[in-house]
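Okay, here's the prediction I keep looking at, along with the sequence it came from:
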Amino acid sequence: MPPMEIPVKGSGAEISEPFAGMVFPSLDDARDFYYEYAKRVGFTIRTNRIRHSLKNMAIIGRDFVCSREGFRAAKHTLKKDRVLPPQPITRDGCKAMIRLAARGGRYWEVTKFVREHNHKLMTSCEFPGAGDLPIVNIISVEEKDKKIQGLYDELQRERERSAAFQQQLQMILKDLEEHAEFMSIRVEDIVNSMKEIELREL
């Protein structure tokens, strides 16, 4: 049994703060919840770390982080042949995030939540698009997972086909080797027969 269900979206329940142990029916529901939370608090979010199953490459964990997580790569900040001025720094190592883990394919659980930001939060009027909070990965998370799973399944099928082709090739090579050995014996027999005929004629 899941530890705790979230309020149904649109039921009138107030959006609360995430916490470790909170569960969601799907990854999309978790993302939408964190999206609404971020919008209310005053920051934007993006997908960061993704964890895959070693068994079948299915996604079993995902992190959604503050868009100011991490730092800009040094190759961008120290570029010497720059033509245009550098863009404003948008990442300053913020640690705010939510970590989710799949639980037996039945639901997703929050395993880690970091509330604190190391930067000033935005007000609704500061968000681009008239107060609408942008989010990276507009396509459904589950949709992407299905595509990844589909690609993995196709890769497995190609590997099976490749193994079958290799097996057929080995069988053909074995047949050719046996045939070559047979022909070699036949040639040797013919040569020996010719020698015997020549000796008889002498």
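Yes, it's here.

any idea which helix or strand comes after the helix or strand bottoming out on mean pLDDT in the chain?
None of the helices or strands of the chain scores lower by mean pLDDT, DSSP states H and E than helix 74-77, at a mean of 57. Per DSSP states H and E, helix 74-77 leads on to strand 97-103 as the next helix or strand towards the C-terminus.

Touching that following strand from outside, list them.
The contact list for strand 97-103, computed with CB atoms under 8 Å, 6 or more residues apart in numbering, reads 2, 18, 23-24, 27, 30, 34, 48, 58-66, 69, 108-114. From N, CA and C alone the C-beta is placed, and that goes for glycine too.

Which members of those residues occur in helices, if any?
Of the contacts of strand 97-103, the ones assigned to helices by DSSP state H are 27, 30, 34.

the inter-axis angle of the helix ranked longest in the chain versus strand 97-103?
Ranked by residue count, the top helix of the chain under DSSP H comes out as helix 141-201. Angle, helix 141-201 to strand 97-103, by axes from the mean of the first three to the mean of the last three CA atoms, to 10 degrees: 60 degrees.

list the helices and strands helix 141-201 packs on?
helix 27-41, strand 59-66 (3 or more CB pairs under 8 Å, 6 or more residues apart in numbering; DSSP states H and E).

do that again at 6 Å, thanks
Contacts defined by 3 or more CB pairs under 6 Å, 6 or more residues apart in numbering; DSSP states H and E place helix 141-201 against helix 27-41.

If we go by neighbour counts, what in the helix it packs on is buried?
27, 29, 30, 31, 33, 34, 35, 37, 38, 39 (16 or more other CB atoms under 10 Å).

and the angle for it with strand 97-103?
Going by the same axes, to 10 degrees, helix 27-41 makes 160 degrees with strand 97-103.

average model confidence for helix 27-41?
Over the span of helix 27-41, the pLDDT mean works out to 90.

Report the angle between that helix and strand 59-66.
10 degrees.
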